[in-house]
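[1] let me see the structure of the following:
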Amino acid sequence: MRSRLLLLVLFWLTACRAPTSAPPTQARPAPVQGVWVNGAQSAGGDGSRERPFRTLAEALAIRPLPTVYVASGVYPGPVSLPPGAHLVGEGPGTVLKGEGQAPVVRAEGGGTLARMTLQGGTWGVESGGALRLEDVAFRGQQEGAVGVKAGRLVVQGARFEPGGQEAVGISVEGMSAVEVRGSTFSGPWRRGVHVQGGGEVLLEGVRFTGAETALDQEGGRGRLLRGTVEGGRGPGLLVRGGSIAIEAVTISGHEYGLAAQGASLEVRDFTSVRAQRAGMGLTRTTGRLQDIQVRESGSFGALQLVDSDLELRGFRIEDVDAYGVVATRGRLRVSKGHIARVRSSDGFTGEGLHLRGVKAQVEGLEVRDAKGAGVLAAQGTEVDVRDARLRGCKQAGLLVESLSEMQATEIEIHDTEGPALAVLRDGRLWVEALTASGLAEGLVWAECGGSTRVRLGLVRSTNLQGLSAPCVERVASPPVPDKARGGEGAPRVLPP
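    Next up is the predicted model:
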């Protein structure tokens with residue numbers, strides 16, 4: 001009875017309670033994946049693909065900011081890119097056009113520009129954040145294409161064409177970092193890329209045509225990989241302070257292929273052709289140069305080295321004016337090099353390796369057809385030459401001027417218009433294991449006097465003229481004169 005009464009009470013309470021309903025579900029708006037802009041459409045669009053906005057300002061006002069797809073057409077600047085914004089065009093026909101003195105695009109907080117052209121204006125882009133440029137063309141900027149004041153810039157597949165001869169392609173300031181890949185700089189840029197301060201720059205697969213200077217680096221760190229520079233008037237690459245690594249780069253024309261001052265270099269597989277002054281002009285510079293080729297350089301020689309400490313390994317120099325390698329003061333280590341066809345513009349001189357006031361080590365050097373000497377030591381140079389082959393060096397194979405010292409081991413000298421060895425007053429030369437032939441003016445010419453000294457050991461030569469000079473140290477067994485005129489007999493051997 002009590003159980004039945006309890007069930008009736010519960011049923012009554014349930015029936016009398018006011019009915020409740022579940023709260024309505026509020027539908028969340030779907031995230032916007034992108035908005036579209038088409039300047040050719042009439043006003044009143046909603047940003048959809050079917051009804052695009054007419055202006056960039058409408059699209060860039062949306063929050064959260066979606067990717068903005070911009071149809072072909074001309075869109076007036078300046079454009080202020082919100083931080084992290086992405087503008088994607090339809091190709092070169094999507095044009096952002098500069099008006100007035102402002103940059104075409106100001107991207108203080110970074111973002112992305114892709115598949116479009118930035119035309120005119122004083123600057124194409126001013127960036128202060130993490131900015132990415134993909135397949136973007138810059139045309140006609142008066143001061144510069146991209147100015148990077150802070151942050152990071154990544155460029156892929158861009159094309160740069162200046163609006164004036166004083167313009168800069170990319171200007172990097174402060175501690176900014178820049179990467180440029182697969183891009184081209186065409187036209188008379190004053191500087192293709194200009195790095196100032198402690199910034200970093202990587203240029204990979206980049207081609208410069210017509211820029212006065214492709215890269216001007218003042219401090220900071222640089223890397224230049226698989227690049228081409230051609231058709232300019234100033235130094236192709238100019239490095240003042242800081243450090244740079246260069247690999248697989250070819251420079252045609254220009255005043256210098258590479259000019260550096262107070263820098264640290266790591267250069268590999270570098271080619272300079274037809275430089276007006278020198279393939280490389282390096283001052284107060286340290287580092288290593290490997291696999292270097294220089295052809296048809298101007299009156300400062302193939303490699304001009306001043307007050308530097310360098311290692312030069314594996315090089316080929318051909319058809320150059322005045323000098324193959326000229327080094328003044330500093331230190332130099334040379335190995336595995338080939339120098340051919342060196343002559344000055346007047347046709348009277350031209351040394352393969354010209355050393356002044358340098359401490360040098362030379363090994364595995366070949367010099368052919370130099371109008372002057374194969375190796376010249378002057379002005380207090382101290383040099384050790386090993387395993388050298390000098391052929392057709394007209395003035396002399398080895399030439400030691402006043403106050404200089406040379407030690408030479410395993411040397412071949414052939415076909416000179418002068419002597420094999422020439423030593424001026426107060427010069428000193430020690431030669432061990434010398435093979436010589438075709439010597440028009442004998443084995444040795446020495447200007448005896450003061451501290452002039454020549455010492456010879458183990459000489460094989462068809463001409464022993466000059467051994468009787470008082471400053472030449474002779475061997476215990478006197479040499480046997482050559483047949484007839486002293487130049488065509490069998491080689492005579494002088495034991496040490």
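[2] where does the protein have low pLDDT?
    1-32, 347-348, 474-496 (pLDDT under 70).
[3] ok, the longest strand seen in it: who's next to it in the sheet?
    As assigned by DSSP state E, the longest strand anywhere in the chain is strand 323-343. Take DSSP bridges as the rule and strand 323-343 pairs in its sheet with strand 303-321 (parallel), strand 351-356 (parallel), strand 359-370 (parallel).
[4] got the buried residues for that strand?
    For strand 323-343, the neighbour count (16 or more other C-beta atoms under 10 Å) marks 323-332, 334-343 as buried. Every residue, glycine included, has its C-beta placed from N, CA and C.
[5] most packed of the strands paired with strand 323-343?
    Among the strands paired with strand 323-343, strand 351-356 has the highest mean neighbour count (mean count of other C-beta atoms under 10 Å), at a mean of 28.
[6] picking up where we left off before, next, format the strands paired with strand 323-343 as TSV and append distance to Tyr75.
    Formatted as TSV, those follow (distance: least, C-beta to C-beta, whole Å):
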stretch	distance to Tyr75
strand 303-321	50
strand 351-356	60
strand 359-370	62
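[7] who are the contact partners of the closest residue to Met175 other than its chain neighbours?
    Distance criterion C-beta to C-beta, 6 or more residues apart in numbering; nearest residue to Met175, sequence neighbours excluded, is Gly198 at 5.1 Å. Residues near Gly198 by C-beta atoms under 8 Å, 6 or more residues apart in numbering: Gly174, Met175, Gly219, Gly220.
[8] likewise for Gly147?
    Pro103, Trp123, Val125, Glu126, Ser127, Ser171, Glu173.
[9] ok, now how distant is the nearest residue to the fifth one once chain neighbours are set aside from Val148?
    Okay, so that is Ser127. Distance criterion C-beta to C-beta, 6+ apart; nearest residue to Ser127, sequence neighbours excluded, is Ala107 at 4.8 Å. The gap separating Ala107 from Val148 is 10 Å, by C-beta to C-beta, to the nearest Å.
[10] nearest the geometric middle of this structure, what residue?
    Centroid check for the chain by C-alpha atoms, centre = their mean gives Ile246 as the closest residue, at 4.7 Å.
[11] quick one on the thing from earlier: would you turn the contacts of Gly198 into a markdown table with distance to Ala377 and neighbour count?
    Converted to a markdown table, the contacts of Gly198 look like this (distance: C-beta to C-beta, whole Å; neighbours: other C-beta atoms under 10 Å):
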| residue | distance to Ala377 | neighbour count |
| --- | --- | --- |
| Gly174 | 46 | 13 |
| Met175 | 45 | 12 |
| Gly219 | 35 | 17 |
| Gly220 | 37 | 23 |
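[12] rebuild these as CSV, extending it with distance to Arg233 and secondary structure.
    Compiled in CSV, these are given as follows (distance: C-beta to C-beta, whole Å; DSSP: H, G, I helix; E, B strand; the rest coil):
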residue, distance to Arg233, secondary structure
Gly174, 29, coil
Met175, 31, coil
Gly219, 24, coil
Gly220, 24, coil
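[13] for those residues, which one is nearest Leu429?
    Gly219 (43.5 Å; C-beta to C-beta).
[14] related to what we said a few turns ago, pretty sure the residue nearest to the centre of the chain is touching Ser264, no?
    No: applying C-beta atoms under 8 Å as the test, Ile246 and Ser264 come out as separate, 11.7 Å apart.
[15] returning to that earlier point: ok, now which ones touch the residue nearest to Ser127?
    Taking C-beta under 8 Å, 6+ apart, one finds Leu81, Ala85, Leu113, Val125, Glu126, Ser127, Gly128, Gly129, Leu131 in contact with Ala107.
[16] please repeat the previous calculation with a cut-off of 7 Å.
    Leu81, Val125, Ser127, Gly129, Leu131 (C-beta atoms under 7 Å, 6 or more residues apart in numbering).
[17] most surrounded residue in the residues you listed?
    Ser127 (30 neighbours; other C-beta atoms under 10 Å).
[18] that one pairs with what?
    As assigned using DSSP bridges, the partners bridged with Ser127 are Ala107, Val148.
[19] follow-up on the earlier one: tell me the SS of the residue nearest to Met175?
    The local conformation at Gly198, judged by DSSP: H, G, I helix; E, B strand; the rest coil, is coil.
[20] tell me how far it lies from Arg221.
    The spacing between Gly198 and Arg221, counted by C-beta to C-beta, is 8 Å.
[21] cool, Ala436 as well?
    From Ala436 across to Arg221, the span is 49 Å (C-beta to C-beta).
[22] next: Val472.
    For Val472, the distance to Arg221 - C-beta to C-beta - is 53 Å.
[23] which one of these two is surrounded by more residues?
    Each of Val472 and Arg221 has its neighbours counted (other C-beta under 10 Å); Val472 has more, 21 against 17.
[24] the more buried one touches Glu447, doesn't it?
    No: the criterion here is C-beta atoms under 7 Å, and Val472 misses it with Glu447 at 11.4 Å.
[25] mind listing the helices for the stretch 351-496 of the chain?
    In the stretch 351-496 of the chain, no helices are found when defined by DSSP state H, counting those that start in this stretch.
[26] where along it do the strands fall?
    Under the criterion DSSP state E, counting those that start in this stretch, the stretch 351-496 of the chain contains strands at 351-356, 359-370, 373-378, 382-391, 396-400, 405-416, 421-423, 428-439, 444-446, 453-461, 472-473, 492-494.
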